[in-house]
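>>> pasting a predicted model and its sequence here:
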Amino acid sequence: MQTVEAILDLPGAASPLALVDRINDGLPLAAVDAFAARAGLDPALRYRIVPKATLATRRKRHEPLSREESARLARGAKILALAEAVWGSLDEARAFLHRPHPMLEDRRPIDVTLDNEFGADLVEGILQRLRFGSAA
């Protein structure tokens, strides 16, 4: 299974809490690009992680993401990693994330995941049920 660090193209964690510390300190902007490429995000979804004007400003100033943006990005990477593990391929994981799902009132899992942590929990629940053979 891919790790969050691998999906975000971050060096390996020195400790179990290293990713938590990196999120709190602000992930690098390059992590947005790495996630967007792997998840197959269109620009509109990329800007739900970091607003377009903010992203442009941060690129000019070489600033990291905020704590909230970093958490949103890591949440998306965590769900992508789980989807890859459940479906067994990146293409199938992307298809799942970008296809409306009936258990999400026909919303796309990627949208629900990026909305907030409770939405990500719903998507994670669906993936866990699929992983362990329950109806989802």
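Alright, I've got the coordinates.
>>> does the one residue sitting closest to the centre of the chain lie in a helix or a strand, and which?
Centroid check for the chain by C-alpha atoms, centre = their mean gives Gly76 as the closest residue, at 1.3 Å. Per DSSP states H and E: Gly76 is located in helix 67-87.
>>> and the pLDDT for Glu92?
At Glu92, the predicted lDDT confidence score is 97.
>>> follow-up on the earlier one: list the buried residues in the following helix or strand past the helix holding Gly76.
Remark: after helix 67-87, the chain's next helix or strand is helix 90-98, criterion DSSP H and E. Buried residues in helix 90-98, defined by neighbour count with 16 or more other C-beta atoms under 10 Å: 93-94, 96-98. Yep, even glycine has a C-beta here, placed from its N, CA and C like the rest.
>>> and stretch 74-87, by the same measure?
By neighbour count, with 16+ other C-beta under 10 Å as the criterion, the buried positions of stretch 74-87 are 74-84, 86-87.
>>> and for it, what's in contact with it?
The set of residues external to stretch 74-87 that reach it, using C-beta atoms under 8 Å, 6 or more residues apart in numbering, is 1-4, 6-8, 19, 23, 27, 35, 38-39, 49, 90, 92-93, 95-97, 109-110, 113-114, 117, 120, 123-124, 127-128, 130-131.
>>> where do the helices sit along the chain?
In order along the chain, the chain carries the following helices (DSSP state H): 4-7, 18-25, 30-39, 43-49, 52-61, 67-87, 90-98, 109-115, 117-131.
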